[in-house]
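Asks: fold the following and give me the result.
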Amino acid sequence: MQLYVAHGAPNPRRVLMFLVEKGITGINLVNLDLNAHEHQGQAYRAKSPLAKVPALELDDGRVLTETRAICTYLEGLYPEPNLMGTTFEERAFIEMADRRVEFYLFGGIANVVRHTHPGLAPLEQPQFPEFGQAQVAKVREVAAWFDHVLERQPWIAGERFTIADITAFCAIEFARLMKFQPGREGLPALQAWRDRVAERPSASVK
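Replies: Residues are numbered from 1 along each chain as shown. Below you'll find the predicted structure:
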């Protein structure tokens, strides 16, 4: 299998962290230079029609895109250590937590960064700075909610580390580009959680 990634991009980082957490090796990594628009070339679009990373090319030539779908496939191949739930009930609650992070926290952060950061201008045309700035308050609101969640439980989805923690960690790290750090925002539980995740070996992959 081949995994197409892009150094520094948050969604590929989610899959790379997932690989490390599960101890998966033997997948060939292909790094695409987003600034050089390698992801928009005809050869890559044949694999990922929307020109998005990551993408996992299977041994039979089929290609999986979308981070969550790739992780689901890998969880099926390598069930342990489990990161997505062992029963239908646990899977549902972990997915709920992961979707909340992805849609409401990660999505808001991405909107801010893509539309306000000058370094993203070549990749996000047109940029809408006013829209990006309007998302800052929403990010703070959702982050505060997750801070309250983490006051009651050690991990994003409950009592153990899961894929939801990977998604949230990559989101918070990406938020540095909007100069957002939980501790400085008065969110101590979220900051303490972030620091614990940062100590894991998987956090070193980017």
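
Asks: and the strands in this protein?
Replies: Under the criterion DSSP state E, strands of the chain are mapped to 2-5, 28-31, 55-57, 63-65.

Asks: pairing partners for the third one, with directions?
Replies: Strand 55-57 sits in its sheet next to strand 2-5 (antiparallel), strand 63-65 (antiparallel), going by DSSP bridges.

Asks: hey, which of the strands of the chain is tucked in deepest?
Replies: Most buried of these, by mean neighbour count (mean count of other Cβ atoms under 10 Å): strand 55-57, with a mean of 22. To be clear about C-beta, it is placed using only N, CA and C from the backbone, and glycine gets the same treatment.

Asks: quick check: mean pLDDT of the helix ranked longest in the chain?
Replies: Counting residues, the longest helix found in the chain (DSSP state H) is helix 129-152. Mean pLDDT, helix 129-152: 95.

Asks: now do stretch 113-125
Replies: Averaging pLDDT along stretch 113-125 yields 78.

Asks: taking helix 129-152 as reference, get the angle to the helix or strand of the chain with the lowest mean pLDDT.
Replies: Least confident helix or strand, the chain: helix 107-116 with a mean of 91, by mean pLDDT, DSSP states H and E. Helix 107-116 runs at 150 degrees relative to helix 129-152, counting by axes from the mean of the first three to the mean of the last three Cα atoms, to 10 degrees.

Asks: report all helices and strands that helix 107-116 contacts.
Replies: In this structure, helix 107-116 packs against helix 129-152, helix 163-174, with contacts taken as 3 or more Cβ pairs under 8 Å, 6 or more residues apart in numbering; DSSP states H and E.

Asks: that one vs helix 163-174, what angle?
Replies: Angle, helix 107-116 to helix 163-174, by the same axes, to 10 degrees: 30 degrees.

Asks: good, wrapping up.
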